[in-house]
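Chemist: Structure for the following, please:
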Amino acid sequence: MNKTTFSKTAATPEQLLAKLRLAGLDCTTAYEQTALAYLTCVGGYRLKGYWFHFVDPTTKRFPPGLRFEDIAVRYEFDRSLRTLTISAIDRLEVAIRTVMANYLSLKHSPHWFLTPGVFKPNRSWGMGQLIKKIEDEVHRSHEKRFVKHYFDKHDEPYLPPSWSVSECVTFGLWSRTYAILRDPVDKKGIAKKFGVDKSEVFESWIHALTVARNIAAHHGQLLRTKIQVAPANYKAMNIKFSDQKSFFAIATVVSYLLNQTGLPNTWKPDIEHLFAQYPSVALAELGFPLNWKSTSGW
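Modeler: Next up is the predicted model:
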């Protein structure tokens with residue numbers, strides 16, 4: 001494909017609003033200042049993710065009757081969904097890292113992550129990368145009370161125990177570390193704490209959760225977006241997805257795992273409330289079937 005020099009020029013919010021109006025997007029005089037606020041503080045480029053699918057690919061025009069308010073509503077829905085998603089996965093992140101740290105500490109030692117025999121590294125993640133990441137994150141956390149306490153009292157092993165390390169490192173590290181555990185008994189033992197008896201299913205689930213969390217935490221769009229890491233079906237519990245890359249698949253995994261923790265959670269009623277609050281957003285845009293509330297996992 002022949003490449004060209006980028007030649008587009010930037011537009012002011014006023015210019016962009018005028019362009020959208022010319023393309024058929026309704027914006028009343030009364031709503032104009034709000035629309036300009038969205039274009040100024042959210043940006044046309046980000047908002048385009050919520051309107052591009054409405055535009056006729058041939059005429060480049062919006063359908064009759066579509067309003068700027070409708071685009072804003074879709075943006076606010078997605079913003080609220082991101083907030084709920086981060087909160088729910090945060091609960092799971094703490095649970096998963098705590099269960100892993102405790103299980104492996106009890107079976108191997110509090111410094112199991114320094115024991116080569118615990119792991120079976122692969123090309124994408126090995127012990128060297130694991131230890132370097134832990135070293136970096138512990139160093140970054142050196143002023144935290146529990147890290148400082150360890151180094152004030154001990155000089156060997158040279159890193160704190162895993163229950164301390166777990167408070168420093170990311171969810172992504174735990175996901176990748178689970179994937180390279182050598183003993184299938186370890187993998188299954190951890191997974192069963194969350195009601196999953198297939199370690200490969202649990203592995204795919206926590207990987208998918210880290211990706212979804214990163215999208216939400218970095219202000220990515222969830223509405224009409226495919227999550228590129230698909231959680232596996234869990235046939236034993238009749239959890240099957242017609243679209244494994246839909247947000248519904250992620251939401252179901254979150255629901256099932258949260259329920260297994262036994263901790264308080266409001267994920268399902270929060271999702272119900274959000275859909276009720278934004279009736280113009282179709283369930284299908286997130287992959288939710290009409291009977292989602294009664295499907296397995298919920």
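Chemist: got a list of contacts for stretch 15-29?
Modeler: 11, 32, 35-36, 39, 44, 51, 55, 60-68, 71 (C-beta atoms under 8 Å, 6 or more residues apart in numbering). C-beta here means a position set from N, CA and C on the backbone, and glycine is covered the same way.
Chemist: End to end on stretch 46-63, go ahead and measure it.
Modeler: Distance across stretch 46-63, first residue to last, is 20 Å (C-alpha to C-alpha, to the nearest Å).
Chemist: returning to what we had before: pull out the buried members of the contacts of stretch 15-29.
Modeler: 35, 36, 39, 44, 51, 55, 62, 66, 68, 71 (16 or more other C-beta atoms under 10 Å).
Chemist: Counting neighbours, show which residues of the helix or strand harbouring residue 97 come out buried.
Modeler: If you go by DSSP states H and E, residue 97 is part of helix 68-107. In terms of neighbour count (16+ other C-beta under 10 Å), helix 68-107 has its buried residues at 68-78, 81-82, 84-85, 88-89, 91-93, 95-105.
Chemist: Check stretch 104-124 too.
Modeler: Neighbour count says stretch 104-124 has 104, 105, 108, 110, 111, 112, 113, 114, 118, 119 buried, by 16+ other C-beta under 10 Å.
Chemist: okay, it in CSV with CA atoms only?
Modeler: The C-alpha trace of stretch 104-124 is given here as CSV (Å, rounded to 0.1, in the frame of the first residue of the first chain):
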residue,chain,number,x,y,z
LEU,A,104,2.1,-21.2,47.4
SER,A,105,3.6,-19.9,50.7
LEU,A,106,2.0,-22.7,52.6
LYS,A,107,3.0,-25.4,50.2
HIS,A,108,6.5,-24.2,49.2
SER,A,109,7.8,-21.3,51.4
PRO,A,110,7.0,-17.6,51.9
HIS,A,111,9.7,-16.9,49.2
TRP,A,112,8.4,-19.4,46.7
PHE,A,113,9.0,-16.9,43.9
LEU,A,114,12.8,-17.4,44.4
THR,A,115,12.5,-21.2,44.0
PRO,A,116,13.2,-22.2,40.4
GLY,A,117,11.5,-25.6,40.8
VAL,A,118,8.1,-23.9,41.3
PHE,A,119,8.1,-22.7,37.7
LYS,A,120,8.1,-23.9,34.2
PRO,A,121,9.0,-20.7,32.2
ASN,A,122,8.0,-20.2,28.6
ARG,A,123,9.3,-18.0,25.9
SER,A,124,7.3,-15.0,26.9
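Chemist: List of residues touching it?
Modeler: With contact meaning C-beta under 8 Å, 6+ apart, stretch 104-124 is reached by 126-127, 130-131, 134, 157, 159, 161-163, 165, 176-177, 179-183, 186, 189-190.
Chemist: and the spatially closest residue to residue 290 that is not a sequence neighbour, how far is that from residue 246?
Modeler: With sequence-adjacent residues excluded and distances taken as C-beta to C-beta, 6 or more residues apart in numbering, residue 290 is closest to residue 283, at 6.6 Å. Distance from residue 283 to residue 246, counting by C-beta to C-beta, to the nearest Å: 11 Å.
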